[in-house]
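*Asks:* I'll drop the sequence and a predicted model, then ask my questions.
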Amino acid sequence: MTAVRTVLAMRTREGCAERFEAEWLSAAAQIRLLDGCLRQDLVRDADDPRSYLIISDWADRERLDAFGRSEHRDRLLRVVRDLRESAERHTYQVLHSMPSRAEETR
């Protein structure tokens with residue numbers, strides 16, 4: 001099985017960025033406990049504080065897709081969806097990862 005990475009580009013509605021971040025943190029705290037979830041990151045565009053990337057790594061496509069079809073996902077992310085203006089998601093197969101020297105010495 002091949003690990004997968006999803007990248008969701010989102011733009012929040014005007015005035016909703018702070019609440020969006022808080023709601024994402026709340027949902028991510030529960031998603032991280034799911035079988036197959038390896039990592040989640042929320043990053044904000046340095047030049048546009050309403051634009052974000054949600055990057056998540058999953059052990060395989062099957063577990064990612066199972067989560068994506070679940071009612072649990074719908075409940076967790078309902079508020080996040082209401083705070084966004086737009087969203088576009090892509091899923092990638094992770095072919096290679098190269099840790100930094102600092103990570104190797106930990």
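*Replies:* Cool, the structure landed.

*Asks:* What count of nearby residues applies to R84?
*Replies:* When neighbours are defined as other CB atoms under 10 Å, R84 has 17 of them. C-beta: built from backbone N, CA, C; applies to glycine.

*Asks:* List the beta-bridge partners for the closest residue in space to it that isn't next to it in sequence.
*Replies:* With sequence-adjacent residues excluded and distances taken as CB to CB, 6 or more residues apart in numbering, R84 is closest to M10, at 4.9 Å. Counting by DSSP bridges, M10 is bridged to Y52, A87.

*Asks:* Give the buried residues for stretch 95-106.
*Replies:* For stretch 95-106, the neighbour count (16 or more other CB atoms under 10 Å) marks no residue as buried.

*Asks:* hmm, who's touching that stretch?
*Replies:* For stretch 95-106, the external contacting residues (CB atoms under 8 Å, 6 or more residues apart in numbering) are T2.

*Asks:* How far does it sit from its chain's centre?
*Replies:* A distance of 21 Å separates the centroid of the chain from that of stretch 95-106, by CA atoms, centre = their mean, to the nearest Å.
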